[in-house]
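Enquirer: Below: sequence and its predicted model.
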Amino acid sequence: MGEQQDVQSRGYDPAFLGTELEPPSIDAGLLDDTVELNGSAVIPYTHFSLAVSKSRRFARWVAWNIDGGSIKRLSRQGSAFIKDSRIPEEFQNGDELYNGNRLDRGHIARRADLLWGPLPEAKRANDDSFFFTNIAPQMDDFNQSGKNGIWGRLEEAVFSDVDVQDLKVTAFGGPIFRDNDREYRGVPLPREYWKVLAYLERGALRSAAFLLTQNLNPLEALDLNEFRAFQVGISELEERTSLRFADPLRDDDGRTSLRAAGDRAPLESLADIRW
């Protein structure tokens with residue numbers, strides 16, 4: 001990507017679906033741990049925005065819009081992972097975490113989701129997706145699409161299984177930080193990730209929430225079977241993340257009957273998802 005471009009995007013659009021969906025709000029006790037840019041905790045990029053934890057140096061949440069009707073197919077060739085110069089380097093994890101091990105640089109907002117709109121805009125979104133603020137550590141077997149069956153395909157599944165109005169989806173995602181996360185190279189590595197997909201179906205707002213648990217211990221010998229993806233409720237994600245989601249998403253929570261955390265089975269295939 002060369003030198004970092006000047007990021008001048010309005011970022012995530014809360015009104016993208018016609019229903020106002022503000023990004024998650026962070027628990028008041030965590031606000032001092034959140035990076036601010038120009039007085040705001042919301043940092044914008046092309047088609048997505050995010051909030052960064054100072055202590056963990058990863059995004060606490062990422063919010064992005066997907067316009068399925070104008071998606072472009074662009075090569076990632078020439079796109080380099082880079083730190084965002086607008087943010088102090090001390091609050092970002094970079095190549096020093098990922099070099100020489102099995103950790104992948106995993107996009108939180110998927111690159112493919114962001115490549116829409118006029119071609120110059122799609123190209124800018126492609127470059128923006130590679131900022132380390134949108135990256136979190138994931139084991140190679142988990143992150144590489146050829147080896148993983150469900151987590152990397154949730155967005156395609158909603159378009160395949162649901163009559164998505166205007167082919168538009170709004171998504172939220174991020175890692176879950178725990179005090180006992182295993183430390184590697186001085187960085188606590190998240191063991192869990194979450195994602196929420198929201199869309200309109202016949203004029204009604206619908207959403208689905210998901211949790212992925214990955215066991216990073218031991219780092220050198222991870223069994224693929226240790227990854228588990230679950231469909232969960234918004235209220236459970238709020239408890240796990242210390243975030244509060246937009247009221248319309250919370251109002252839709254419970255539309256499907258989901259078992260309690262101790263009883264439910266992991267998603268074995270995309271057909272197990274309740275849209």
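Expert: Yes, it's here.
Enquirer: can you give me the strands for the stretch 1-150 of the chain?
Expert: All strands of the stretch 1-150 of the chain, identified by DSSP state E, counting those that start in this stretch, fall at 25-26, 43-45, 48-52, 59-67, 103-107, 135-139.
Enquirer: Pick the most deeply packed of the ones you listed.
Expert: strand 48-52 (a mean of 27; mean count of other CB atoms under 10 Å). In short, each C-beta sits where N, CA and C put it, glycine included.
Enquirer: Packing partners of the longest helix that the chain contains?
Expert: Longest helix in the chain, counting residues (DSSP state H): helix 119-128. On a contact count with 3 or more CB pairs under 8 Å, 6 or more residues apart in numbering; DSSP states H and E, helix 119-128 meets helix 111-114.
Enquirer: what does the helix it packs on contact?
Expert: When contacts are defined by CB atoms under 8 Å, 6 or more residues apart in numbering, helix 111-114 is touched by residues 46-48, 64, 66, 71, 76, 122, 125-126, 128-130, 155, 171.
Enquirer: out of the residues you listed, who's nearest Pro137?
Expert: Phe130 (15.1 Å; CB to CB).
Enquirer: give the contact list for the closest one.
Expert: Applying CB under 8 Å, 6+ apart, the residues near Phe130 are Met1, Ser79, Ala80, Phe81, Ile82, Arg111.
Enquirer: can you tell me the helix or strand for Leu154?
Expert: helix 154-161 (DSSP states H and E).
Enquirer: buried ones in that helix?
Expert: Buried residues in helix 154-161, counted by 16 or more other CB atoms under 10 Å: Leu154, Glu155, Ala157, Val158.
Enquirer: which ones are touching Arg240?
Expert: Per CB under 8 Å, 6+ apart, neighbours of Arg240: Ile176, Glu192, Trp194, Leu211.
Enquirer: before we move on, which element is it in?
Expert: Arg240 belongs to helix 234-241 when assigned by DSSP H and E.
Enquirer: now that helix and strand 59-67, what's the angle there?
Expert: Relative orientation of helix 234-241 versus strand 59-67 (axes from the mean of the first three to the mean of the last three CA atoms, to 10 degrees): 140 degrees.
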